[in-house]
Structures are given as C-alpha cells and as structure tokens.
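1. Prediction below, plus the sequence it came from.
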Amino acid sequence: MMTNFITVTDGVRLFYKDWGPQNAQPLMFHHGWPLTSDEWDNQLLYFLAKGYRVIAHDRRGHGRSTQTDQGNEMDTYAADVAALAEALDLKGAVHIGHSTGGGEAVHYVARSRPERVAGLVLIGAVTPIMVKTSANPGGLPIEVFDEIRAGLAANRSQFYIDLASGPFYGFNRTGAKPVQGLIQNWWRQAMAGSAKAQYDCVKAFSETNFTDDLKAVNVPTLVMHGDDDQIVPYANSAPLAANLLKNATLKTYSGLPHGMCGTHPDVINRDLHAIIAAWQVK
C-alpha cells in the first residue's frame, strides 16, 4: 500500500502527492510560503492529464508535514527534497518552484545528483536574494520582512486574509475582481501550517543568497515572472536570476501578479508544457 509520507533523518514526516505512471517524465512542484502542495492542484491535474508523473510535497512545518521548530531554513529544505527524490527514485525530473519554492528548488538542483534532474523552472521566485544589502541595493529593506513577522505573530489569520485578498493575487489593483475561492483556499492552506515554521521561513526566503546556486545549475532553466509582482518585485529578481544561470529562458508576463499560477493557470500551464516538452525532445 502506498504511503503519502516519508520520514527524514531528524524524524520529521513529509507529506507528498505522487500521481501518474511511475515510468513517466517526473515533474516535482515546490510551493511558496506559507502554503502547501495544494497550491499546485491545478498544475498537477493539468500535467497528469498530459501523461506526466507529478509530485508535490508539503515543506516541513507546512500543511500536513510535521510542525517542527527545527530545520526551517534552505539547507534543510533542500535536504528534505533530496530525501524525497531518493525515496521515489526520481530520474530526469523537472523541478518547478514558485516564490519560496523557487529558492528551495534551485538550492536542491545546485546540489543534486546529475541523473536526478533534467530541468528547472522558477516562477515568481525569491532568487537571487530579496533583502536589501550593500551588494544588493535593489532589494527590499529588512523592515518589510520584520513587518511580515510582526503581522504573523500578532494575528496570523487576519494577516493571511489580507495578504491573499490584496497583493498576492493583485486583487488590490484598480479594476481587479477578487476570487473568493482563491482567497479562502490560500487562507486554508496557510492556517494548516505551523506559525513557528512560517515565522522562521521568512528569514529563509528573504535573506538566503542564491547567487552561487544559480551559477552552479547546469540544466536548462525557465524563469517566469509577472511584472506586477507585489511580493517579489520583478526588477530585482527574474532578470538578475536569468543572467546568473548558464542556460536560462526569461519569460515576462505583463501585468500579472505574484500568484499568477492561480489567477492565470491556462497561460502558465500552456507555457510550462511547451518548454518542458521541448526539453524532452532535446
């Protein structure tokens, strides 16, 4: 009988979905903060119908995985992904990461066994580094992330409602029509996780410098980003990441928000499928 959990070295149990033929091309999806693998359900069903094997996990501290207060940083996140890839014996997988999941995916791919990975996709990713430093003058001030932590600690539920109702999906823009199902599903996923793990993850996604990871990636990479991303601003992310990668395609989406996989799945799924299919041909 198939189980939906693996246990990693520190005893943490990771929940995962693994759908489709075991011998099909594997696609592994990495979710953003503070969500779960459920955020990818539209993509999972789309690619499953196209004949792929689709895998997505709940990051430690998130969703149905153990609500541990340990290891909520990128090195351990990547080690967890490696453990899952080994347990499922994934070969030639394409890793697709959104936001924080993009950081996790590139941190893993830069360290992975070559036969395990065939491609990488970064969507609204936190790469190369989000926080403003002397070496990254275009980054966001640390106070932005301090405010996120303060909002989480003060009233996590309301903070998450406000985030999903506003900048995440661009529903705060003039003329935008909020989609209640997206907002409620975002809140549901976020509240399923550990407040401590999510609090710690803010540091992980904002202060980790992925520059060396991006330089170390040897597989073809697609960088997708909306230019109206209010969470991970476009100018200090996508073009910089693409320039650091050896073999990158940058695809910019005019007017689309951070959560464009949810607001425009038809557009994102089509473009994802086109390039993944092209990589297979090569």
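-> Thanks, I have it. Residues are numbered from 1 along each chain as shown.

2. Keeping just the C-alphas, turn stretch 187-199 into CSV.
-> The C-alpha trace of stretch 187-199 is given here as CSV (Å, rounded to 0.1, in the frame of the first residue of the first chain):
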residue,chain,number,x,y,z
TRP,A,187,-6.0,31.1,3.9
ARG,A,188,-6.9,27.4,4.5
GLN,A,189,-3.5,26.2,3.4
ALA,A,190,-1.6,28.9,5.4
MET,A,191,-3.5,28.2,8.6
ALA,A,192,-2.8,24.5,8.4
GLY,A,193,0.9,25.0,8.9
SER,A,194,3.0,25.9,12.0
ALA,A,195,3.2,29.6,13.0
LYS,A,196,6.8,28.9,14.2
ALA,A,197,7.9,27.3,11.0
GLN,A,198,6.3,30.0,8.9
TYR,A,199,7.9,32.7,11.1
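
3. in it, what's buried?
-> For stretch 187-199, the neighbour count (16 or more other CB atoms under 10 Å) marks 187, 189-190, 192-194, 197-199 as buried. Any C-beta I mention is one placed from the backbone N, CA and C, and that applies to glycine too.

4. residues near Ala83, how many?
-> By other CB atoms under 10 Å, 16 other residues sit near Ala83.

5. Quick check: it touching Thr9?
-> Yes. In terms of CB atoms under 8 Å, Ala83 counts as a neighbour of Thr9; the distance is 7.4 Å.

6. From what I see, Met260 and Thr252 are in contact.
-> No. Using CB under 8 Å, Met260 is not in contact with Thr252, being 11.2 Å away.

7. Neighbour count: the two, which is higher?
-> Here Met260 and Thr252 are set side by side on neighbour count (other CB under 10 Å), and the busier one is Met260, at 23 against 14.

8. Could you report the pLDDT at the more buried one?
-> Listed pLDDT for Met260 reads 98.

9. how about it, what does it touch?
-> Counting by CB atoms under 8 Å, 6 or more residues apart in numbering, Met260 makes contact with 123-124, 226, 253, 267-268.

10. Filter those down to the buried ones and hand me the ChimeraX line.
-> Of the contacts of Met260, the buried ones can be selected in ChimeraX as follows, counting by 16+ other CB under 10 Å:
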select :123,124,226,253,268
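
11. Select from the contacts of Met260 every entry located in helices.
-> Among those, DSSP state H puts 267-268 in helices.

12. Sketch out the strands for the stretch 101-250 of the chain, chain order is fine.
-> For the stretch 101-250 of the chain, the strands defined by DSSP state E, counting those that start in this stretch cover 117-123, 221-226, 248-253.

13. Any idea which of those strands gets closest to Ala204?
-> Nearest to Ala204, of all those, is strand 117-123, at 16.2 Å by CB to CB.

14. Asp227 and Pro239: what is the separation?
-> The spacing between Asp227 and Pro239, counted by CB to CB, to the nearest Å, is 10 Å.

15. er, Leu84 I mean
-> Where Pro239 is concerned, Leu84 sits at a distance of 31 Å (CB to CB).

16. which one of the two has more residues nearby?
-> Between Leu84 and Pro239, counted using other CB under 10 Å, Leu84 has the larger neighbour count: 19 against 15.

17. quick one: the helix or strand that that one is a member of to strand 117-123, angle?
-> Using DSSP states H and E, Leu84 falls within helix 74-87. Orientation of helix 74-87 against strand 117-123 (axes from the mean of the first three to the mean of the last three CA atoms, to 10 degrees) gives an angle of 140 degrees.

18. and helix 74-87, C-alpha only, in CSV?
-> The C-alpha coordinates for helix 74-87 follow below in CSV (Å, rounded to 0.1, in the frame of the first residue of the first chain):
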residue,chain,number,x,y,z
MET,A,74,17.1,26.4,3.0
ASP,A,75,19.8,23.8,3.6
THR,A,76,17.4,21.5,5.4
TYR,A,77,14.6,22.2,2.9
ALA,A,78,16.9,21.1,0.1
ALA,A,79,18.0,18.0,2.1
ASP,A,80,14.3,17.1,2.5
VAL,A,81,13.8,17.4,-1.2
ALA,A,82,16.8,15.2,-1.8
ALA,A,83,15.5,12.6,0.6
LEU,A,84,12.1,12.6,-1.2
ALA,A,85,13.8,12.3,-4.6
GLU,A,86,15.8,9.4,-3.4
ALA,A,87,12.8,7.7,-1.8
